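K.L.:
give me a model of this one.
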Amino acid sequence: MANRLSRLLPTGLRAPRVRGLAFPAPLRAMGHGSVASLLKIALDVAYVLLALLTLVTLVGLVAFLFIPDDNLNLTVSNTDGGVQQALTRPLIVFGFGVFSAWFGGFLLILRQLRQIFRTLTQGDPFQPENVRRLRLIGVTLAAVTAGVWIAQGVVAARLAPGVLDRQGVGALLTPVFSVLVVFVLAEVFREGARLRRESDLTI
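P.N.:
Sure thing, here's the model as predicted:
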């Protein structure tokens, strides 16, 4: 029966057949055992590692709040080797706080991505919850980008002048583009969820 159907198909739609060779079936984009399920596993691993990094930076932030000033005598220098800056308590606490917020922001993004890819693994991506998740990812990414830009400016101007250069406006182009892409994807998912809802009502 399968051979009859194969003969009825146009030549361009037939699977290539080579004597002695078997071509593997292409990977599916969604569903169990698909590319989405593999990416979901990678996101789970990245989420755990990032959670550990966030915890470490939070512990460091709390620890340096109670370390005596006498122990903070290290110095750092820039690539030119001409400027040195003492690692004072405000600088270290500020650094740990910024990294904690940065890791925490991306931890929230990974959490939303894991939930989105869970729906992809289930084969049902156009859910209203995914629209909210994508918008939350866009807002978080915008906040993290703005926070890093402001923090680097504060360090360059106040806490470690001459050691760290302040980012220009041009450095924001790629992150802003990424944020816009996320919001466009959110609208695509919203339209897909609307069409699916109308289809369900029609049936």
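
K.L.:
tell me where the protein has helices.
P.N.:
Per DSSP state H, the chain carries helices over the ranges 2-8, 35-64, 89-121, 128-154, 173-202.

K.L.:
isn't residue 183 right up against residue 135?
P.N.:
Yes - between residue 183 and residue 135 there is a contact at 6.9 Å, judged by Cβ atoms under 8 Å. Glycine gets a C-beta too; all of them are placed from N, C-alpha and C.

K.L.:
below-threshold pLDDT in this structure: ranges please.
P.N.:
Counting by pLDDT under 70, the chain shows low-confidence ranges at 1-27, 68-87, 156-169, 203.

K.L.:
swap the cut-off to 50 and go again
P.N.:
Residue ranges of the chain with pLDDT under 50: 1-15, 21, 23.

K.L.:
ok, back up a step: TSV for the helices of the chain, including mean neighbour count?
P.N.:
Converted to TSV, the helices of the chain look like this (neighbours: other Cβ atoms under 10 Å):
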stretch	mean neighbour count
helix 2-8	8
helix 35-64	15
helix 89-121	18
helix 128-154	17
helix 173-202	13
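
K.L.:
format these as CSV; extra columns: distance to residue 29.
P.N.:
Output for the helices of the chain, formatted as CSV (distance: least, Cβ to Cβ, whole Å):
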stretch, distance to residue 29
helix 2-8, 25
helix 35-64, 6
helix 89-121, 8
helix 128-154, 15
helix 173-202, 15
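
K.L.:
who wins for proximity to residue 28 among those?
P.N.:
Closest to residue 28 of those is helix 35-64 (Cβ to Cβ; 7.1 Å).

K.L.:
could you say what helices and strands the closest one packs with?
P.N.:
When contacts are defined as 3 or more Cβ pairs under 8 Å, 6 or more residues apart in numbering; DSSP states H and E, helix 35-64 sits against helix 89-121.
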